[in-house]
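Trainee: here you go, sequence then predicted model.
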Amino acid sequence: MDAISVIRAKRDRAELTDDQIDWIIDAYTRGEVAHEQMSSLAMAILLNGMNRKEIARWTAAMINSGERMDFSSLPRPTADKHSTGGVGDKITLPLAPLVAACGAAVPQLSGRGLGHTGGTLDKLEAIPGWRADLTNDEMLSILRDVGSVICAAGAGLAPADKKLYALRDVTGTVESIPLIASSIMSKKIAEGTGSLVLDVKVGSGAFMKNLDDARELAATMVELGTDHGVRTTALLTNMATPLGLTAGNALEVRESVEVLAGGGPADVVELTLALAREMLTAAGLPDVDPAKALADGSAMDHWRRMIQAQGGDPDAPLPVAREQHVVNAASTGVLTTLDAYAVGLAAWRLGAGRARKEDPVQAGAGVELHAKPGDPVRAGEPLLTLHTDTPEKFASAIEALDGGVLIAPPGTDFTPDPIVLDR
Ligand code: URA
C-alpha cells in the first residue's frame, strides 16, 4: 500500500476500501505518511466527500489508533455532551456539575479555542489554580467523588485525530462533514461514555452555516455513535448571535457562575436545561428535573467541588482586563443583528483566542454585550464593552464588528429565532 494510490483514488472520486483507510490512518499516526500527503488526501475528501461506509471505517481506524477509556466501574450512568463550537458557548461549565447533581457521571473531555470560537479549557484556566491536565486515574477518582470532571483528553486518546485536526486547521480542510463527524466521534467513542448529546451549532458563528448541513452532520454523528453502542442524540441550536452576554474566558466563567447561582441570561439557562434534560434521558434518568438542582444550590455545590478537585479556588477573584472600551449604539431602534462571527472575531483579536496552538490567551479579554437581538437600543448608549490587556488591539476589534450590528427603526416588529432549532 502507498499514500499516492490512496490520494489518487479519492481525487478520482473512488470509494476508499477498508484496507486503504486502515493503512493510511495507521501509517500517518506512525509518521510513515508525510503531512503533505495527508493534507492532500484531506483536501480530496473535503472536495469529493466520503460515504457512510467510508466514514464509519475512518472513525473506527481513528479510535483504534489509541487507547479506549472504561468507566464501567462507576456506580452511576455516564453522560457526555459535545458542542461543535460557537461564540460565547460556555454551556459545558454549568451543565457538567448540573447533570452530576442530578445523578449521572459526566466525563467531559474538552478542548482549547482556535480561531473565533472559544475553548472550554481556556475558560476554566481563568480560575486561579485550576488545571486541565489529569491522569486517567485522577479523572476516574474525581468522577467517583464529585460526579463531573472537565479536562483535556490525554495523549493516548485518538492520537490520529490529534495529528489530523492540527493539520486540517492549517490547510483549509476543517469544514468537511465526514472529517468533522469522524474527528468528534472518534474521541467521544474512545472516551467510553455510555450516552452522548451533541449540540450542533448553526449560523454565522458555527462551522455549519445552514440547517441542511447541520442536519447532515448531526445525522452522521448520531449514526456513528449508535453503531458503537453509545446512546446518541443531537440538538441543532442557534449560533447566529453569541450565547449569553459575554464572549471571552473569565467573562464567561463569571456568567456561568451566575447561571449556577440561579440567575444568568435566559438563553444560557434555556440551553443548559435543554441539554441537561437530553443527557439525563439518554442516561436513563428521564424523571429528574434539572431546574430543581439549579434552584436548590446542589448544582453550585457540585461546581465548587469540581473546581477544587482540579486545584482551582472557586472563591478567588477572576482576572479582569486592564483596559475597557465602550461601543455605543449608532442609532435608536430595535437591535436585529449582533453577528456571532463578528463578535467572536472581535473577542479573538482582543486576545481571548489564539492564532496558533502554542499562543497564550488573555484571561480577562473579550466582549460584553449590553443588548441582544430583539432589544430596544438608544443612540449613544452602550451596546458592547471590549476588554483587553493590549489596548492597541481595540481598533482591529472594532473593525471586526463592522457590518455585524444592525439596528432597525423604532417600533419594528422583530422576533429572534429560537435557541433550539431542531432535535
Ligand atoms: N471539533 C473537533 O473535534 N473536530 C473537528 O473536526 C471540528 C470540531
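Mentor: Sure thing, it's come through.
Trainee: wait, doesn't Ile7 sit right on Ser40?
Mentor: Yes - with contact defined as Cβ atoms under 8 Å, Ile7 counts as touching Ser40 (5.2 Å). (C-beta placed from N, C-alpha, C; glycine too.)
Trainee: contacts for stretch 298-312?
Mentor: Contacts made with stretch 298-312 from outside it, assessed by Cβ atoms under 8 Å, 6 or more residues apart in numbering, are listed as 93-94, 96-98, 100-101, 124, 127-132, 134, 142, 145-151, 257, 260-261, 290, 293, 313-314.
Trainee: can you classify the residue in the chain that the ligand sits nearest to by secondary structure?
Mentor: Closest approach of the chain to the ligand (Cβ to the nearest ligand atom) occurs at Ser183, with a separation of 3.4 Å. Per DSSP: H, G, I helix; E, B strand; the rest coil, the local secondary structure of Ser183 is helix.
Trainee: gap between stretch 101-108 and the chain center?
Mentor: Per Cα atoms, centre = their mean, to the nearest Å, the displacement of stretch 101-108 from the mean C-alpha position of its chain is 18 Å.
Trainee: hmm, it touching the ligand?
Mentor: No - using Cβ under 6 Å from any ligand atom, stretch 101-108 stays clear of the ligand, coming no nearer than 13.4 Å.
Trainee: residues making contact with that stretch?
Mentor: Applying Cβ under 8 Å, 6+ apart, the set of residues contacting stretch 101-108 from outside is 69, 71, 74, 76-81, 92, 95-97, 99-100, 120, 139, 143, 147-151, 191-193, 276, 279-280, 283, 285, 288, 290, 293, 298-299, 301-302.
Trainee: would you list the buried entries among those?
Mentor: 69, 71, 74, 76-81, 92, 95-97, 99-100, 120, 139, 143, 147-151, 191-193, 276, 279-280, 283, 285, 288, 290, 293, 298-299, 301-302 (16 or more other Cβ atoms under 10 Å).
Trainee: out of those, list just those in helices.
Mentor: Helix and strand membership here follows DSSP state H; of the buried ones among the contacts of stretch 101-108, those in helices are 92, 95-97, 99-100, 120, 139, 143, 191, 276, 279-280, 290, 293, 298-299, 301-302.
Trainee: can you give me the domain assignment for the protein?
Mentor: Under the assignment automatic domain parsing, the domains of the chain span 3-49, 79-155+168-309, 323-408.
Trainee: possible to save those as TSV with mean pLDDT?
Mentor: Supplementary listing: those in TSV, determined by pLDDT from 0 to 100:
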stretch	mean pLDDT
domain 3-49	98
domain 79-155+168-309	95
domain 323-408	96
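Trainee: export these to a markdown table and tack on distance to Asp417?
Mentor: Shown next, in a markdown table, are those (distance: least, Cβ to Cβ, whole Å):
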| stretch | distance to Asp417 |
| --- | --- |
| domain 3-49 | 29 |
| domain 79-155+168-309 | 5 |
| domain 323-408 | 9 |
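Trainee: let me know which of the ones you listed is tucked in deepest.
Mentor: Using mean count of other Cβ atoms under 10 Å, the stretch among these with the greatest mean number of neighbours is domain 79-155+168-309 (a mean of 22).
Trainee: now that domain: how far from the chain's centre is it?
Mentor: 6 Å.
Trainee: and Leu421, that's in a strand?
Mentor: Yes - assessed with three-state DSSP, Leu421 lies in a strand.
Trainee: who's the residue nearest to it when sequence neighbours are not counted bridged to?
Mentor: The spatial neighbour of Leu421 that comes closest, neighbours along the chain excluded (Cβ to Cβ, 6 or more residues apart in numbering), is Leu236 at 4.6 Å. In this structure, Leu236 bridges to Val200, Asp422 when assessed by DSSP bridges.
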